Every structure is written in C-alpha cells, then in structure tokens.
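**Student:** from the sequence below, what's the structure:
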Amino acid sequence: LGEGERGCEGYQQFARSGEGEAGRVASWRARGKMADLYCQYERTPYFDRHSGMTMQEYHETIERSTCIYVGNLSYYTTENQIIDFFSRCGEVKRVVMGLDKFQKTPCGFCFVEYYTQDDTEAACRYLNNLRLDDRQIRLDRDPGFVEGRQYGRGKSG
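**Tutor:** Next up, the predicted model:
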C-alpha cells in the first residue's frame with residue numbers, strides 16, 4: 001500500500017484485527033464497514049499503449065472497471081481454484097484464462113471480473129501478492145476484458 005493509504009483509519013483498524021485475510025474481509029463486510037476501507041484509487045504508472053486510449057481515458061476507465069488482471073499464475077491453476085480464491089472478496093462474475101495463442105494451453109495469467117467496484121477494490125487490496133497454487137500472484141486493475149486479450153502479447157500471443 002502507498003503511504004497515503006496507510007494513514008486511512010479503516011485500513012489501520014483492519015490491519016490490527018489479527019484475523020486472516022479472508023476472515024478480516026468477511027468480518028468487515030458483515031459489519032457493513034467495507035466503505036471505511038477505501039481511501040482513494042491510487043494510479044499506477046503503468047499505461048497500456050495498445051489500448052487505443054489516452055493515458056487519462058485509460059485511468060478513468062480503470063477507476064470504473066470491475067475487472068482485474070491476475071499475473072504469475074501457475075500453468076496448472078484451474079478456473080475453479082481462481083473462483084474460490086477470489087470469492088473471498090465478493091461474487092465473481094466471470095474468469096477468463098490466459099491461453100497460448102497456438103496451443104490453447106494456460107500461460108500464467110487470467111482476468112477476473114466482479115459485479116461491483118467495491119469487490120474489485122477489496123480484491124486488489126487484500127489478495128495482491130498472496131499465494132495461489134504455490135505461486136505469489138500479482139493483481140492489477142484492468143480496463144476490462146476484450147476478446148483476443150486472453151492470448152496475451154508475448155512471443156506466443
């Protein structure tokens with residue numbers, strides 16, 4: 001979390017609760033205090049030049065988006081494992097697995113879409129850098145899945 005986020009009263013209470021990640025999110029959600037956890041969307045320096053948007057449009061779209069890019073997944077992680085993991089922060093609308101363009105096999109990333117922005121923000125804050133299938137995953141807000149992005153942009157995509 002950035003310096004500004006650490007000062008948020010809701011986050012400090014959340015961090016002191018001593019419960020596990022899933023338990024803390026669930027207990028705060030049950031008490032109706034999830035809104036207290038959100039300070040302000042922190043813009044990352046990343047900008048996807050292939051998106052066809054200006055930097056301003058890109059970040060405005062991300063602020064409204066309910067989609068998350070998940071990187072560093074194991075090639076053996078299943079869609080059901082992803083749904084179970086991300087359901088800790090809210091109801092998952094859909095998961096799109098990243099695939100090798102030619103072999104159509106998993107290639108270590110996916111997109112997770114939630115129904116609400118609050119659930120999206122909670123997942124980014126509390127599930128980022130946790131371990132899934134023995135891999136430390138990386139989460140980034142995403143402007144939204146578009147058909148064809150499941151093939152990535154690397155050598156095989």
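**Student:** can you give me the helices for the chain?
**Tutor:** 3-6, 9-16, 21-30, 34-37, 55-64, 79-86, 117-126 (DSSP state H).
**Student:** residue 145 and residue 65, how far apart?
**Tutor:** Relative to residue 65, residue 145 is positioned 10 Å away (CB to CB, to the nearest Å). (Each C-beta comes from the backbone N, C-alpha and C, glycine too.)
**Student:** lowest-confidence stretch among the helices of the chain?
**Tutor:** The stretch with the lowest mean pLDDT among the helices of the chain is helix 3-6, at a mean of 36.
**Student:** residues near the closest residue to residue 55 other than its chain neighbours, how many?
**Tutor:** Leaving aside its sequence neighbours, residue 55 sits nearest to residue 47 (CB to CB, 6 or more residues apart in numbering; 5.0 Å). For residue 47, the count of nearby residues is 14 (other CB atoms under 10 Å).
**Student:** ok, residue 146 next?
**Tutor:** Residue 146 has 11 neighbours, counted by other CB under 10 Å.
**Student:** before we move on, what about residue 83?
**Tutor:** The local packing of residue 83 (other CB under 10 Å) involves 14 other residues.
**Student:** perfect, I'm done here.
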